[in-house]
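[1] Have a look at this fold, sequence not included:
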């Protein structure tokens, strides 16, 4: 028995080592591509490209979901040549990841004026016809993508958007230049380096022990309720931001809170969503909605929330009077917070 256990443990350790080695090798490879322009350019030769037009990714419909097609460098060069474009604009692409076999993945927006070419942007309809797909706004398509494509395209859109908004140095006013991977921009005149950044946002599911608090903004789709969310102020810790946001938006005082997970969110300008559970002080559950921040907020029972989670397709049901409210789709971290509360009603009772 001891011999079997020893052998099993060694096998498990070896498996863990192999998984760790794959992750480390992949991470080190991406680091090299970000730091070495020549290595990144070489990786493009065997890499794959995801195409965008004015920040909308190229997608193809497959049954009830979207697929994001990839194109080789040769295919992309042929496409640009056919459309009368300079292949130099491929230098505007950004590195967004790689496979475990170290196939580098890039994103290129052909709907924006090129920083490396005098040619104007390509016409959307012309490209869609040539590529046999459609450029669809990511916010509309995100929840109909698989997890891998959703993550890659979110990263791509965020990076492309950041580069479009940081064409000039804030100190000198001179044009900045991106490195080959798009992991930074440099001002040639003063050597200041600019790195892509995310804004920290706390998203909090508040509970009083038996109910959870959900709210909606006027910009939400009709009938959708979610957890409270807001940007962190400069100088705040996560805990301070949670307590302030809950007090500001619904007039409640947080007694305890617990961090649970985080998620990159590309809208509107790339945010890091920091998800927390929180409980309010007993006997202090009267909501006072801040109408400058929210359209509505209310307490929902366990049964109400559990029923809402079981609905398969809220998009087709949101107009029905039989369903008074619906929840964010599974890919959103707000959905994860709500699901955790339903599965473990006491998960928000632990102190930080």
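    That came through, no problem. These numbers were taken from a predicted model, which means no experiment stands behind them. Numbering: from 1, shown residues only.

[2] contacts, neighbours, all on C-alpha from now
    OK.

[3] Give me the distance from stretch 282-297 to the chain's centre.
    Centroid separation for stretch 282-297 versus its chain: 28 Å, with Cα atoms, centre = their mean, to the nearest Å.

[4] So for that stretch, what gets flagged as buried?
    By neighbour count on 16 or more other Cα atoms under 10 Å, the buried set for stretch 282-297 is 285, 289, 294, 296, 297.

[5] what does stretch 195-206 give?
    By neighbour count with 16+ other Cα under 10 Å, stretch 195-206 contains the buried residues 196, 200, 201, 202, 203, 204, 205, 206.

[6] Then stretch 140-150?
    Neighbour counts over stretch 140-150 (16+ other Cα under 10 Å) mark 141, 142, 143, 144, 145, 149, 150 as buried.

[7] Hmm, which of these is lowest in pLDDT?
    Among these, residue 143 carries the lowest pLDDT, at 86.

[8] circling back to that earlier point, greatest separation within the buried residues of stretch 282-297: which pair is it?
    Greatest spacing in the buried residues of stretch 282-297, by Cα to Cα: 285 and 294 (17.3 Å).

[9] Please list all residues in contact with residue 232.
    199, 200, 201, 202, 238, 241 (Cα atoms under 8 Å, 6 or more residues apart in numbering).

[10] Please list all residues in contact with the third one.
    Shown here is residue 201, whose contacts under the criterion Cα under 8 Å, 6+ apart are 229, 230, 231, 232, 271, 272, 273, 274.

[11] Could you look up the next helix or strand downstream of the host helix or strand of it?
    Assigned by DSSP states H and E, residue 201 belongs to strand 199-207. Under the assignment DSSP H and E, the closest C-terminal helix or strand after strand 199-207 is strand 211-216.

[12] Please identify the buried residues of that following strand?
    Using 16+ other Cα under 10 Å as the burial criterion, the residues of strand 211-216 that qualify are 211, 212, 213, 214, 215, 216.

[13] Please list all residues in contact with the nearest residue to the first one once chain neighbours are set aside.
    Spelled out, it's residue 211. In space, and not counting its chain neighbours, residue 211 is closest to residue 301: 4.7 Å by Cα to Cα, 6 or more residues apart in numbering. Going by Cα under 8 Å, 6+ apart, residue 301 touches 210, 211, 212.

[14] Could you check how far the first one is from residue 308?
    To tie it back to what came earlier, the one meant is residue 210. Separation of residue 210 from residue 308 (Cα to Cα, to the nearest Å): 16 Å.

[15] next helix or strand past the helix or strand of the chain with the lowest mean pLDDT?
    Lowest by mean pLDDT, DSSP states H and E among the helices and strands of the chain is helix 314-317, with a mean of 49. Next along the chain after helix 314-317, taking DSSP H and E as the criterion, comes helix 333-343.

[16] just to revisit the earlier point, for the buried residues of strand 211-216, which one is nearest residue 191?
    The nearest member of the buried residues of strand 211-216 to residue 191, counting by Cα to Cα, is residue 216 at 44.6 Å.

[17] okay but the closest one is in contact with residue 249, surely?
    No - with contact defined as Cα atoms under 8 Å, residue 216 does not reach residue 249; the gap is 10.8 Å.

[18] Please enumerate the shared neighbours of the two.
    With Cα under 8 Å, 6+ apart, residue 216 and residue 249 have common neighbours residue 294.

[19] List the buried residues of the longest strand along the chain.
    Taking DSSP state E as the criterion, the chain has its longest strand at strand 254-265. For strand 254-265, burial by neighbour count (16+ other Cα under 10 Å) applies to 254, 256, 257, 258, 259, 260, 262, 263, 264, 265.

[20] and the fifth one, how far is that from residue 235?
    Translated: residue 259. Distance of residue 259 to residue 235, given as Cα to Cα: 19 Å.

[21] I'd like to know how many residues surround residue 165.
    Neighbourhood size, residue 165 [other Cα atoms under 10 Å]: 10.

[22] starting at the chain centroid, how far to stretch 172-191?
    Taking mean C-alpha positions (Cα atoms, centre = their mean), stretch 172-191 and its chain are 25 Å apart.

[23] What's the end-to-end length of that stretch?
    10 Å.

[24] please renumber so the chain begins at 219
    Yes, from this point I'll number from 219; that puts the last item at stretch 390-409.

[25] What are the buried residues along it?
    By 16+ other Cα under 10 Å, the buried positions in stretch 390-409 come out as 393-405.

[26] go on, stretch 374-383?
    Quick answer for stretch 374-383 (16+ other Cα under 10 Å): 374, 375, 376, 377, 378, 379, 380, 381.

[27] do the same with stretch 316-332
    316, 320-332.

[28] ok so, going back, what angle sits between the helix or strand just after the longest strand of the chain and strand 472-483?
    Next along the chain after strand 472-483, taking DSSP H and E as the criterion, comes strand 489-498. For strand 489-498 against strand 472-483, the angle by axes from the mean of the first three to the mean of the last three Cα atoms, to 10 degrees is 160 degrees.

[29] Strand 489-498 packs against which elements?
    strand 417-425, strand 472-483, helix 551-561 (3 or more Cα pairs under 8 Å, 6 or more residues apart in numbering; DSSP states H and E).
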